[in-house]
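[1] Got a sequence here, can you model it:
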Amino acid sequence: DIGHAGKLLANTVHAPEELRDEVFCQLIKQTSMNPSADNTIKGWQLMAICAGTYPPSDRLEKYLLSYCDQNTKSNLADGTKVHDGVKPYAQYTMLRIKKSSLLGPRTEVPTAMEIQAARDRQPVVIRVHLLDGHYKTIPAEAWTTIRELNKMVAAKLKLKDATPFATFE
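    Predicted structure coming up:
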């Protein structure tokens, strides 16, 4: 559940890279040949959540991406059937690994809303309130920067130049 995922992330977001790699290895173990489709999906959900919070080490990354890629097929190389529902999580996890590897680990633990959005493979919807009392909703991923958010808001407002536009918390 979201609370357990939050606790895991709170304990690993600032942990040494080796411990974070161990989390990925344990998730691979949980999602490999697990007879329970439900538990397999939950393992993939947690893998996607972790992958968007911190990247695997350079040493583990190619193996983890390969594992994810194998699980986007109907059957593994050894003929084992991949549980229904795994493919979209494997694809989403690969995307999140690539993004977190590019940007580096997060410095803060994701919020419960972010964890739930990652579990559901959806962006977090941010409500941006405007000075005139209206608001715009903007979808944001874990890797969305404030600069990108400003550009998305400016585009929704049909502003040609987003330079003078700013977002405040």
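[2] Now for residue 83: which residues touch it?
    Applying CB atoms under 8 Å, 6 or more residues apart in numbering to residue 83 gives the contacts 34, 37, 40-41. From N, CA and C alone the C-beta is placed, and that goes for glycine too.
[3] I'd like the distance from it to residue 40, if you could.
    5 Å (CB to CB, to the nearest Å).
[4] circling back: which ones among the contacts of residue 83 lie within strands?
    Counting by DSSP state E, no part of the contacts of residue 83 is found in strands.
[5] Buried ones among the residues you listed?
    40-41 (16 or more other CB atoms under 10 Å).
[6] now the contacts of residue 83 as TSV including pLDDT and distance to residue 59?
    Formatted as TSV, the contacts of residue 83 follow (pLDDT from 0 to 100; distance: CB to CB, whole Å):
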residue	pLDDT	distance to residue 59
34	93	25
37	94	31
40	96	25
41	96	27
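[7] Which single one of the contacts of residue 83 is nearest to residue 3?
    Distances from residue 3 to the contacts of residue 83, taken as CB to CB, are shortest for residue 41 (18.1 Å).
[8] My guess is residue 70 contacts residue 86. True?
    No: contact status for residue 70 versus residue 86: not in contact, 10.2 Å apart, counting by CB atoms under 8 Å.
[9] Show me which of those two is the more surrounded one.
    residue 86 (22 against 16; other CB atoms under 10 Å).
[10] Who are the contact partners of that one?
    With contacts defined as CB under 8 Å, 6+ apart, residue 86 is in contact with 31, 40-41, 44, 71.
[11] how about 10 Å then?
    Each residue near residue 86 by CB atoms under 10 Å, 6 or more residues apart in numbering is listed here: 31, 37, 40-41, 43-44, 68, 71-74, 93.
[12] which stretches of this protein aren't confidently modelled?
    Applying pLDDT under 70 to the chain flags residues 169.
[13] Neighbours of residue 66, how many?
    Neighbours around residue 66, by other CB under 10 Å: 11.
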